[in-house]
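In: The following block contains a protein sequence and its predicted model.
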Amino acid sequence: MEKLIKLALTQTSLGRLIGKVPFVSEIYMKKIWSKRMNLFYGLHDNVDSAEDWSAKFSSAGWNDGALAKLLVDRDDVGRGDGGGSMQASQFAVLLWLSKLLKPDMTILDLGGAGGVFYEISKHHNLLTDSQHWHVVDMPRMVELGRKRHAKLKSTGISFGTKLGAAPASDIMLALGCIQYMRDPLGQSGPGFLDELEKAPDYVIVNKIPVWNKPDAWTSQGFITTACPYRIFNRNRLEDYFGARGYTIASSWHVPELDLRVPFHPECSLDHFEGFLATRDAREASAVATPLPASRRRKRHLA
């Protein structure tokens with residue numbers, strides 16, 4: 001029954017009509033959305049509107065203590081993302097790391113929380129002592145990450161809160177994070193790649209919502225905080241990378257994630273996406289066999 005109600009609210013015209021009934025959307029927000037993890041609510045055409053709406057909560061944004069503890073202080077982190085089971089799209093990231101990693105490389109992990117993918121990579125024996133992993137995230141994530149890895153006596157990992165202060169890297173990971181950034185594509189200032197001391201040779205992006213419509217924003221709830229959440233216009237995202245000398249060398253679907261916004265059936269995604277961007281397409285093709293998704297036109301992320 002719950003699935004049918006969710007379907008009606010998020011993917012049918014009936015849901016749009018129900019949302020116009022006085023007080024229905026407010027009741028849904030207070031009784032359901034605000035009490036569950038990872039649900040989306042609201043649709044906005046700019047980030048300011050999404051931020052203003054999210055700020056109605058006692059905490060707004062990713063720098064939240066309870067959320068940091070949930071993501072970092074877990075026993076199953078190194079085995080995968082939840083209960084020791086790997087998510088489907090994580091295999092694509094592991095595949096490319098296994099093919100691209102070389103001795104003495106530095107990996108920059110944007111939004112890496114407490115070093116989740118560092119632990120996954122160590123668990124699968126992808127990293128050597130000569131490689132260094134640097135996480136950039138919000139202060140509370142970084143604080144817990146440092147404590148976690150001090151306790152684990154981890155080597156080869158460091159943490160910071162500023163992209164501009166991160167060490168020069170060969171591979172950059174952005175795994176489900178740039179949609180939370182206020183201006184990741186540099187529309188009103190430097191984008192996330194523009195803040196770096198040196199452009200990495202490879203950028204692996206995973207778990208991002210992409211569509212062919214104009215950029216849109218919703219808000220994702222985490223009970224103790226609400227985060228503005230961007231849905232990327234495909235062409236704008238590709239153009240950002242292309243203008244900086246990158247080619248989309250491979251892409252894949254992320255079937256474990258979807259996006260449904262109650263009362264807005266026009267805002268619905270069946271899957272998210274991931275891709276590898278390289279500054280030298282010839283080198284990428286030489287070291288790795290493209291994934292099946294890359295058989296489509298390179299211009300498209302999926």
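Out: Yep, it's here. Computed from a predicted model, the values in this text were never measured in an experiment.

In: can you give me the strands for the stretch 1-150 of the chain?
Out: Under the criterion DSSP state E, counting those that start in this stretch, strands of the stretch 1-150 of the chain are mapped to 40-44, 106-110, 132-136.

In: Adding mean pLDDT, write those out as TSV.
Out: Below are the strands of the stretch 1-150 of the chain laid out as TSV (pLDDT from 0 to 100):
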stretch	mean pLDDT
strand 40-44	93
strand 106-110	98
strand 132-136	98
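
In: Residue 186 versus residue 194, what's the distance?
Out: Summarising the geometry, the distance separating residue 194 from residue 186, computed by C-beta to C-beta, to the nearest Å, is 6 Å. Using the backbone N, CA and C atoms, a C-beta is placed for each residue, glycine as well.

In: now swap in residue 199 and tell me
Out: Taken as C-beta to C-beta, the spacing of residue 199 relative to residue 186 amounts to 13 Å.

In: Low-confidence ranges, the stretch 151-300 of the chain, go.
Out: For the stretch 151-300 of the chain, residues meeting the criterion pLDDT under 70 lie at 281-300.

In: same thing but at 50, please
Out: Scanning the stretch 151-300 of the chain for pLDDT under 50 picks out the ranges 282-300.

In: which residues in it form helices?
Out: Secondary structure of the stretch 151-300 of the chain (DSSP state H, counting those that start in this stretch): helices at 234-242, 281-287.

In: sorry, back to before: could you save the strands of the stretch 1-150 of the chain as CSV and add columns showing distance to residue 13 and mean neighbour count?
Out: As requested, the strands of the stretch 1-150 of the chain are arranged in CSV below (distance: least, C-beta to C-beta, whole Å; neighbours: other C-beta atoms under 10 Å):
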stretch, distance to residue 13, mean neighbour count
strand 40-44, 15, 21
strand 106-110, 39, 25
strand 132-136, 43, 24
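
In: among those, which is nearest residue 206?
Out: Comparing these by their distance to residue 206 (C-beta to C-beta), the top pick is strand 106-110, with 11.3 Å.

In: list the contacts for the most centrally placed residue in the chain?
Out: Closest to where the C-alpha atoms of the chain average out (C-alpha atoms, centre = their mean) is residue 176, at 1.0 Å. Remark: with contacts taken as C-beta atoms under 8 Å, 6 or more residues apart in numbering, residue 176 is in contact with 111, 206-208.

In: where do the strands sit along the stretch 151-300 of the chain?
Out: Assigned by DSSP E, counting those that start in this stretch, the strands in the stretch 151-300 of the chain fall at 157-160, 171-175, 202-208, 210-211, 216-221, 226-233, 247-254, 259-260, 268-269, 272-278.

In: hey, which of those strands is tucked in deepest?
Out: With neighbours defined as mean count of other C-beta atoms under 10 Å, the strands of the stretch 151-300 of the chain peak in mean count at strand 272-278, which reaches a mean of 26.

In: That one relative to strand 247-254, how many degrees between them?
Out: Taking axes from the mean of the first three to the mean of the last three C-alpha atoms, to 10 degrees, one finds strand 272-278 and strand 247-254 inclined to each other by 160 degrees.
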